[in-house]
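Peer 1: Mind folding the following:
(one chain, ligands or ions: 2)
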Amino acid sequence: MIDIRTGLGWDNHRIAVGRPLVLGGIVIPCEFGLDGHSDADVLAHAVTDALLGALAEGDIGMHFPDTDPRWKGGDSMVFLRHAVSLVRERGYQISNVDSTVILQRPKLKDYRQAIRESLAGALGIELDRVSVKFKTAEQVGPVGEGKSGEAQAAVLLMRAPQQG
Ligand code: C5P
Ligand code: MG
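Peer 2: Ligands and ions are numbered 1, 2, ... in the order given. You can find the predicted model right below:
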């Protein structure tokens, strides 16, 4: 049997003036950011949940409760790297990651390469296996009205070849 696993992640954070806007570990220059217990990196959270989902290992809040003072203001790439280490422990490797960030503004496409490189580094895979897409919400709903930002991610894991 071919041992492959797929995982899906979604996250949503409220927009807050004066907060940092961090996406995939990259700080985007902007007068507002996303609110949350950690650095509220909505993309890192979605990719982390997709990896945990592929392993049926619960969700990010189970591994990193937002009531734990250790994670306050924390770097969400730590959560992502933890999920990657679980993938490896379970004998899988990451085939690819696809993702979408939905934010009405700012324009994010100039940061695509930096975000992809940052995610690829944390995931330990080649750049061409990491996709990051951006969408507005066409000014409709909470995202379109600039009240929140969302991210979605899908991952594919495959059984790593046996060593030796
Ligand atoms: O949402 P919409 O389809 O109008 O987005 C058009 C393009 O604008 C996207 O394909 C993406 O490249 C870019 N975009 C962006 N930053 C955003 C939203 C969209 O760069 N916050
Ligand atoms: Mg989150």
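Peer 1: use CA for all of it now, contacts and neighbours both
Peer 2: OK.
Peer 1: Mean pLDDT per helix and strand in this structure: which one sits at the bottom?
Peer 2: Within the chain, no helix or strand scores below helix 60-63, which has a mean of 92 by mean pLDDT, DSSP states H and E.
Peer 1: all helices for the protein, in order.
Peer 2: Using DSSP state H, the helices of the chain run over 42-54, 60-63, 76-89, 112-123, 141-144.
Peer 1: Just give the number of residues close to T100.
Peer 2: Neighbour count for T100, taken as other Cα atoms under 10 Å: 18.
Peer 1: The spatially closest residue to it that is not a sequence neighbour and V17: what is the separation?
Peer 2: Excluding its sequence neighbours, the residue lying closest to T100 (Cα to Cα, 6 or more residues apart in numbering) is K133, at 4.5 Å. As for K133, its distance to V17 is 24 Å (criterion: Cα to Cα, to the nearest Å).
Peer 1: so what's the residue minimising distance to the centre of the chain up against?
Peer 2: Centroid check for the chain by Cα atoms, centre = their mean gives A44 as the closest residue, at 2.3 Å. The contact partners of A44, by Cα atoms under 8 Å, 6 or more residues apart in numbering, come to L23, G24, G25, S76, M77, F79, L80.
Peer 1: ok, now with 6 Å
Peer 2: Applying Cα atoms under 6 Å, 6 or more residues apart in numbering, one finds that A44 lies in contact with G24.
Peer 1: Let's see the pLDDT reported for it.
Peer 2: Listed pLDDT for A44 reads 98.
Peer 1: how close does it get to G124?
Peer 2: 14 Å.
Peer 1: Just the pLDDT for the residue nearest to T100.
Peer 2: 98.
Peer 1: try the one 4 residues further on
Peer 2: Taken from the predicted model, the pLDDT recorded for A137 is 98.
Peer 1: same deal with Q163?
Peer 2: On the pLDDT scale, Q163 is placed at 64.
Peer 1: Report the buried residues of the strand ranked longest in the chain.
Peer 2: Ranked by number of residues, the top strand in the chain under DSSP state E is strand 4-17. Within strand 4-17, the residues that count as buried by 16 or more other Cα atoms under 10 Å are R5, T6, G7, L8, G9, W10, D11, N12, H13, R14, I15, A16.
Peer 1: residues near the residue nearest to T100, how many?
Peer 2: Neighbour count for K133, taken as other Cα under 10 Å: 16.
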